[in-house]
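Colleague: My questions concern the predicted model and sequence given below.
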Amino acid sequence: MLTESQPTSFAGIDWGSKSHQACILASDGTVLGERAFPHSGEGLVKMQEWILCHTDAEPGQIAVAIEIPHGPVVDSLLDGGFRVYSIDPKQLGRFRDRYSPAGAKDDCRGARVLADAVRTDPKCLRALSPLEAEVVELRELSRMADDLTAERTSLTNRFREQLWRYYPQFLDLGDDLSAEWVLSLWKLAPTPQAVRRVRPSSIAKLLKKHRIRRFTAEDVIRILRAKPVAVAPGVVAAATLHIRSLTEKLAVVGKQLKEANSAIADIIDTVSSDDEATSEKPQALRDAKILSSLPGVDQRVVATLLSEAYDPLDTRDYQALRCLCGVAPVTRQSGKSRRVVRRRACQPRLVNAIYHWSSVAVQHDPVSRAKYRALRQRGHTHRRALRSVADRLLAVACAMLRTGTTFDPSRTTANNG
């Protein structure tokens, strides 16, 4: 007999860019209705009204399965009080094979498979809950910062390629060609011929403005006035024209990246403060202070953890967290054959954040450094060793979150190796 906590009706939504296919099933698997709705504010409202009309149940008694864990469809359903579940695309493919081993696929079949999956196997799906406004902002800002970083890297590589064509001595000034002082210096001396007309005082003023101390004006002039490479006529003009466009884009991307990082820092400082307004926030948001105290963690890592792993952090679920971050290995065993391989089903942004976290921790945390060296001596690769270091750091983080304590570098544990 069904209780109030169990759903009485089940729906599946195969979402699309222009329309969403919905299917409703009764508790015995009978199809109650199938229909497509346009992607619009009115269409999403009509879809909810249609589901309520065909099930004759309250929103809290209806379980809805969808392939994505976020977006306007998910937000509208959660706002309407429905019990929403997310299913991984690969997992959905396995459920679809129960209906068609040949691999037949269409929107109606997809919606029906989703509805039946949440009816028969809700434990295999991820229950979704409304996110706090700060989490949504952090998620968008951290993703935007990652996109801007990737765009800056791409532009910098193109900048380096053009310099290599006609101005290779400029590359000796450092690896970070996207730095503001490098872009300003190129505008001041864009060619080997132009640098001979630049006064040392102008370069000294530029270095002082950007607080560059590793080079003096004499060092810069000596490097840039080295014998230039011989190039064909028109190469210098073409390359400088290309670089001028790249430097303008790099300046804009750098400014936007700085603003995104500043906004991330402001939100983290706000949610990790101890004032009364913050104490009413969910525990996962107030955990930012604890996470920030861990070795190797910066604000970008904290933002990624809070936004992409909100539920496991809120429940202190170490196993779910290590799976999402890709540090939990996968064992494949059959008979006498047994293989342990890297987990591929994970969140890519969390994987990148954990990689950088463990890389910095190895440099600054003695325990992480010792564990990394021991794993390397046993023959593990660099990335494999970092995953093990990250696994330990996640375990430490969950233990700290359970006890509500910040990281104490002087404290030793029995399992620090």
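Modeller: Alright, I've got the coordinates.

Colleague: Test my guess that S100 contacts R109.
Modeller: Yes. Between S100 and R109 a contact is recorded at 7.1 Å, counting by CB atoms under 8 Å. C-betas here are computed from N, CA, C, even on glycine.

Colleague: Neighbour count: these two, which is higher?
Modeller: R109 (16 against 12; other CB atoms under 10 Å).

Colleague: so which strand or helix has the residue found closest to that one once you drop the neighbours it is linked to in the chain?
Modeller: The shortest distance from R109 to any non-neighbouring residue, by CB to CB, 6 or more residues apart in numbering, is to Y99 (6.5 Å). In the assignment (DSSP states H and E), Y99 maps to no helix and no strand.

Colleague: where exactly do the strands run in this structure?
Modeller: 9-14, 19-26, 31-38, 62-66, 83-86, 126-127, 330-334, 337-341 (DSSP state E).

Colleague: Relative to A309, how far out is the residue nearest to the spatial centre of the chain?
Modeller: In the chain, the residue lying closest to the centroid (CA atoms, centre = their mean) is R349, at 2.8 Å. Separation of R349 from A309 (CB to CB, to the nearest Å): 10 Å.

Colleague: And for G335?
Modeller: Plainly put, G335 is 36 Å away from A309 if you go by CB to CB.

Colleague: try F170
Modeller: 42 Å.

Colleague: out of the two, which sits in the more crowded spot?
Modeller: The neighbour comparison of F170 against A309 (other CB under 10 Å) goes to F170, with 26 against 22.

Colleague: Isn't that one up against A226?
Modeller: No. Counting by CB under 8 Å, F170 sits too far from A226 to count as a contact (9.8 Å).

Colleague: so who does the residue of the chain most remote from its centre touch?
Modeller: Ranked by distance from the centre of the chain (CA atoms, centre = their mean), the top residue is R197, with 46.6 Å. Contacts for R197 (CB atoms under 8 Å, 6 or more residues apart in numbering) come out as none.

Colleague: Mind checking the pLDDT average for the helix ranked longest in the chain?
Modeller: If you go by DSSP state H, the chain has its longest helix at helix 235-271. Mean pLDDT, helix 235-271: 94.

Colleague: Flag every buried residue along that helix.
Modeller: 236, 239-240, 243, 246-247, 250, 253-254, 256-257, 260-261, 263-265, 267-268, 271 (16 or more other CB atoms under 10 Å).

Colleague: before we move on, what about stretch 355-375?
Modeller: Buried, per 16+ other CB under 10 Å, within stretch 355-375: 355-362, 365, 367-368, 371-372, 375.

Colleague: Can you get me the start-to-end distance on it?
Modeller: 16 Å (CA to CA, to the nearest Å).

Colleague: before we move on, the earlier item: can you put the strands of the chain in TSV and add mean neighbour count?
Modeller: Below are the strands of the chain laid out as TSV (neighbours: other CB atoms under 10 Å):
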stretch	mean neighbour count
strand 9-14	26
strand 19-26	22
strand 31-38	16
strand 62-66	27
strand 83-86	22
strand 126-127	14
strand 330-334	9
strand 337-341	9
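
Colleague: export the ones you listed to CSV and tack on distance to L188 and mean pLDDT?
Modeller: What follows is the strands of the chain, written out as CSV (distance: least, CB to CB, whole Å; pLDDT from 0 to 100):
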stretch, distance to L188, mean pLDDT
strand 9-14, 57, 94
strand 19-26, 55, 94
strand 31-38, 56, 93
strand 62-66, 55, 94
strand 83-86, 53, 93
strand 126-127, 54, 87
strand 330-334, 54, 88
strand 337-341, 53, 88
